[in-house]
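S.K.: prediction below, plus the sequence it came from.
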Amino acid sequence: MLELPEVEVLRKDLEKEVVGKRVKDVTVETASVVRPFHRNRPDLVKALEGRKIEAARRRGNIIFLELDEGMTWILDPGEAGSLHKETASEKPGPDTHMAATFTTGGALHVSEVADEPTVRIGVVPTDEALDAVGLSPDALDLFDDNPTWMEFGRFLAEADKPLKLLLVDPDLVAGIGPVYSDEILWEAGLRHDHPSSTLSTQETRRLYRATQEVIVAAMKAAGSSLDDAEADSMIDDEGESAQHLRVYGRDGKPCHRCRRPILRTRIKKGVYTYHCQQCMI
Ligand SMILES: [Zn+2]
């Protein structure tokens, strides 16, 4: 999945590029991307054509473009969706699932290279948008909510869960997945199974600082996303992890802190963690 840092970079680009514009023509190439928000493609086309984009927001890893008339355009990039700025005359490519042109010129294409795309696109009333995408209103967005370290500490104590499972639980923390949960814990030097309610003050501060540092570094690494388009995969074809990642995808390779080999451990069905046995406590 795309995680919070990459999606925040997308949001910023959209804020610059499409806020203030009015949607002209909409084409949907792949019917499945409009569900569950719409019954069929014409439903989305009708809801979006003619609407003006007033703001670009994000919660967790989902983009919400606020439209006039109290509606919101949901863009859920799913596993690897990407957005491309195009000219209005550019025909949608084979991996483009939806395209919208603007009355002032230019277009936005939503793409994903996948047999079964995971991007989801819809227009819903703004006050129903969080519900429509299944985002818990109580889940903490580590960037948007900007908690103080003391608020963060109270949140950890109340949640009372092993740290890795807490960070990837969408009901507790929005937009953090397998990649940045491991990066944050490595940066903090804390084990994945360390119960969140037993952190010392110092450990809480370390974890707090690590969340901020990892998210900011990842946003820098993501650069600008609308132009050079393809969502960078975190692990390339040769099995090398992206350069800004310190632990994710590096099993068997030396830890950047203590040189011991990084391990990949199964926590439960479908949840793995990359970690260092030596320098995470
Ligand atoms: Zn280490």
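M.R.: Thanks, I have the structure now. Quantities reported herein were computed from a predicted structural model and do not represent experimental measurements.
S.K.: how is this structure carved up into domains?
M.R.: 4-132, 149-275 (automatic domain parsing).
S.K.: out of these, the one nearest Ile281 is which?
M.R.: domain 149-275 (6.0 Å; C-beta to C-beta). Every residue, glycine included, has its C-beta placed from N, CA and C.
S.K.: how far does that closest one sit from its chain's centre?
M.R.: 14 Å (C-alpha atoms, centre = their mean, to the nearest Å).
S.K.: quick check: mean pLDDT of it?
M.R.: Across domain 149-275, the average pLDDT comes to 91.
S.K.: the strands in the stretch 101-250 of the chain, which residues?
M.R.: 107-111, 120-125 (DSSP state E, counting those that start in this stretch).
S.K.: just checking, what packs against the last one?
M.R.: Put plainly, it is strand 120-125. helix 41-48, strand 71-76 (3 or more C-beta pairs under 8 Å, 6 or more residues apart in numbering; DSSP states H and E).
S.K.: same check on the shortest one?
M.R.: With contacts defined as 3+ C-beta pairs under 8 Å, 6+ apart, the packing partners of strand 107-111 are strand 82-86, strand 96-102.
S.K.: near the ion, which residues of the stretch 1-150 of the chain? Just list them.
M.R.: Proximity of the stretch 1-150 of the chain to the ion (C-beta under 5 Å from the ion) involves no residue at all.
S.K.: OK, contacts around Asp171?
M.R.: By C-beta atoms under 8 Å, 6 or more residues apart in numbering, the residues touching Asp171 are Ser136, Asp138, Ala139.
S.K.: in JSON lines, list those residues along with distance to Asp115 and pLDDT.
M.R.: Shown next, in JSON lines, are the contacts of Asp171 (distance: C-beta to C-beta, whole Å; pLDDT from 0 to 100):
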{"residue": "Ser136", "distance to Asp115": "30", "pLDDT": "93"}
{"residue": "Asp138", "distance to Asp115": "35", "pLDDT": "92"}
{"residue": "Ala139", "distance to Asp115": "30", "pLDDT": "96"}
